[in-house]
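S.K.: Give me a model of this one.
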Amino acid sequence: MRGEVLHYDDEQGFGFINGADGKRYAFERGDLRRLIPLSKGTQVEFQAEGANAREIFVVRGSTSSAPSQFGREAVVATPEGTGLWNYFIRGLTTNYANFSGRARRKEYWGYYLFWTIFLAIASGFAVFFDVQTGSIDYYGDDTPFATIGVVALFFLASFIPGLAMTIRRQHDIGLSGWFYLLVFIPYVGGLIIFVFTLIPSQKHDNKWGPVPYGVRI
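M.R.: Now for the predicted structure:
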């Protein structure tokens, strides 16, 4: 059967293949007909035995890029960084308006961790500026224009990536992004969305994509 490598961890010696029949098959290093570099997207042929793939070999002319090394030094062992900062940066760049696919809990909370930190820093500078210019005084008679402006711009600039992140998080637990509209339910809507973000990833493919990289299956 023809298939495509979804993930391969050379250190632990196991991975997953998405078969042409739409099913996911697990395999181990010993199932490879020869030790070859494997990366996500590599086209392979294999024999299906239940939920496992056997006798795997790479299809000649596969268009996926292979690493120059094999083993612990293979650069494709981790296709993308899975650190909190990496998730935050991708949320503001490649995933800025990405409403498709899935986002694991670590990705969601990594993004909002640094979002909160930068909001606090920006707000702090704005408040300091207002105090220095007299926009905030002891009696509170003046309007803190800098603080209001900075906070409003921050929320405006981060609205789309935040919305996209939340929708992908809902996809990860098997829910449509339209469930985000629950946020408009008075008093409990925001709490419902918060609970959604705490639910673990579905440990199988769903209609929105494969299991996010880094989730233990």
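
S.K.: Do you know the pLDDT at the nearest residue to residue 55 once chain neighbours are set aside?
M.R.: Leaving aside its sequence neighbours, residue 55 sits nearest to residue 47 (CB to CB, 6 or more residues apart in numbering; 4.6 Å). C-beta coordinates here come from the backbone N, C-alpha and C atoms, glycine included. The model reports residue 47 with a pLDDT of 87.

S.K.: same question, residue 113
M.R.: Taking residue 113 on its own, its pLDDT is 97.

S.K.: helix or strand for residue 4, which one?
M.R.: Under the criterion of DSSP states H and E, residue 4 resides in strand 2-9.

S.K.: Equivalent analysis for residue 149, please.
M.R.: helix 145-172.

S.K.: re earlier: enumerate the positions of the strand holding residue 4 that are buried.
M.R.: 3, 4, 5, 6, 7, 8 (16 or more other CB atoms under 10 Å).

S.K.: mind exporting that strand as PDB, just the C-alpha atoms?
M.R.: Once non-C-alpha atoms are left out, strand 2-9 reads as follows in PDB (Å, rounded to 0.1, in the frame of the first residue of the first chain):
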ATOM      1  CA  ARG A   2       1.100   3.600  -0.700                       C
ATOM      2  CA  GLY A   3       1.300   6.000   2.200                       C
ATOM      3  CA  GLU A   4       2.900   9.100   3.700                       C
ATOM      4  CA  VAL A   5       5.000   9.400   6.800                       C
ATOM      5  CA  LEU A   6       3.200  11.600   9.400                       C
ATOM      6  CA  HIS A   7       5.800  11.300  12.100                       C
ATOM      7  CA  TYR A   8       9.000   9.400  12.900                       C
ATOM      8  CA  ASP A   9      11.000   9.600  16.100                       C
END
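
S.K.: so the residue most central in space within the chain, which of the three states?
M.R.: The chain has residue 103 as the residue nearest its centroid, 3.7 Å off, counting by CA atoms, centre = their mean. Here residue 103 is recorded as coil under DSSP: H, G, I helix; E, B strand; the rest coil.

S.K.: Relative to residue 177, how far out is the residue lying closest to it once chain neighbours are set aside?
M.R.: Distances taken as CB to CB, 6+ apart place residue 168 nearest to residue 103, at 3.7 Å, with adjacent residues excluded. Computed as CB to CB, to the nearest Å, the residue 168 to residue 177 distance reads 8 Å.

S.K.: between the two, what contacts are shared?
M.R.: Taking CB atoms under 8 Å, 6 or more residues apart in numbering as the criterion, residue 168 and residue 177 both touch residue 99.

S.K.: And those two? Which one has more around it.
M.R.: Taking neighbours as other CB atoms under 10 Å, residue 168 and residue 177 compare with residue 168 leading, 24 against 17.

S.K.: these two touch, right, the more buried one and residue 105?
M.R.: No: at 11.4 Å, residue 168 and residue 105 do not qualify as touching, with contact defined as CB atoms under 8 Å.

S.K.: sorry, back to before: buried ones in the helix holding residue 149?
M.R.: Result for helix 145-172 [16+ other CB under 10 Å]: buried residues 146-147, 150-151, 154, 158, 161-162, 164-172.
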